[in-house]
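Visitor: Need the 3D shape of this:
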Amino acid sequence: MARNGKRYRAAIAGLDPAARFQPREAIEKLKSAQPAKFDETVDIAVRLGVDPRHADQIVRGTVVLPHGTGKKVRVLVIAQGERVKEAEAAGADYVGTEYVQKIKDGWLDVDAIVATPDVMGQLGQLGRVLGPRGLMPNPKAGTVTMDVTKAVRDIKAGKIEFRVDKTGNVHAPIGKMSFSVEALEQNYQAFMDTIVRAKPAAAKGTYVRTVAVSSTMGPGFRIDTGLYH
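Guide: This next block holds a predicted model:
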């Protein structure tokens, strides 16, 4: 549904653009909007007072959302030897080093990739393909590890990765409209707690500048950022 459609106009009717809400109130307003014909994703957008052009002000990390994202995540583990069995037992959807060639041939039906350190040399030439899609395994994100069991289980349980973009914004999914208010609020809180803890020492002035929650087809509701000062 287009954002200028009847549902969208009804959702923003009487909404003060300057209004700021407590997290739970914003989520309640979001959920009270007339639903779309599909289970919309609930997103969070945070504008940070950082300059991502400087390496010491890049905000990135991971967080395991208590209630997951509501999306079935397809996980590929690139590993060999005993780690193959471990990955399969942990619930990985695809396992094996043969997927390196499959990716070269154009296959990319996955949402996350985990690799063991001993096979990372094979993935180097896939950087141009995986990097822009956010799929390149990274030690800081916990996706380059010998503990493939934990990595797969965390991702399946709702672990998401975030990174500030070049304009200082961070976007992430925190659930679905079908989630309860309580589940969305707890996911929201887990995400914001992680963002606040990730504040770079080099960041000056106000760190959390704006926060908003929105659904795929709905309007955004601003959060009172005084909570984070």
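Visitor: okay, and the helix or strand of the protein with the least pLDDT?
Guide: When the helices and strands of the chain are scored by mean pLDDT, DSSP states H and E, helix 6-12 comes last with a mean of 56.
Visitor: Give the residue spans of the protein that score low on pLDDT.
Guide: 1-15, 17, 34 (pLDDT under 70).
Visitor: can you give me the strands in it?
Guide: Assigned strands in the chain, in chain order: 41-48, 60-64, 75-78, 94-95, 112-115, 159-163, 169-176, 208-215, 220-222 (criterion: DSSP state E).
Visitor: of all the ones you listed, which lies closest to Glu182?
Guide: Glu182 lies closest to strand 169-176 among the strands of the chain, at 10.9 Å (Cβ to Cβ). Any C-beta I mention is one placed from the backbone N, CA and C, and that applies to glycine too.
Visitor: tell me the angle the closest one makes with strand 60-64.
Guide: 10 degrees (axes from the mean of the first three to the mean of the last three Cα atoms, to 10 degrees).
Visitor: This protein: helices as residue ranges?
Guide: Under the criterion DSSP state H, the chain carries helices at the ranges 6-12, 23-32, 82-90, 99-104, 120-123, 127-130, 148-157, 181-197.
Visitor: now, of these, which is deepest in the fold?
Guide: helix 148-157 (a mean of 20; mean count of other Cβ atoms under 10 Å).
Visitor: could I get the helices of the chain as CSV with distance to Gly142?
Guide: CSV is the format used below for the helices of the chain (distance: least, Cβ to Cβ, whole Å):
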stretch, distance to Gly142
helix 6-12, 37
helix 23-32, 27
helix 82-90, 13
helix 99-104, 19
helix 120-123, 14
helix 127-130, 16
helix 148-157, 6
helix 181-197, 13
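Visitor: Name all residues that make contact with Phe221.
Guide: Residues near Phe221 by Cβ atoms under 8 Å, 6 or more residues apart in numbering: Ala19, Phe21, Ala26, Ile27, Lys29, Leu30, Ala212, Val213, Ser214.
Visitor: before we move on, the earlier item: which of the strands of the chain is buried the deepest?
Guide: strand 75-78 (a mean of 27).
Visitor: ok, residues contacting it?
Guide: 83-84, 87, 91-97, 99-100, 110-116, 119, 122-123, 137, 148, 151-152, 155-156.
Visitor: give me every residue that touches the residue lying closest to Val42 once chain neighbours are set aside.
Guide: The spatially closest residue to Val42, leaving aside those adjacent along the chain, is Gly175, at 4.8 Å (Cβ to Cβ, 6 or more residues apart in numbering). Contacts for Gly175 (Cβ under 8 Å, 6+ apart) come out as Thr41, Val42, Leu65, His67, Gly68, Thr69, Gly70, Ala183, Leu184, Asn187.
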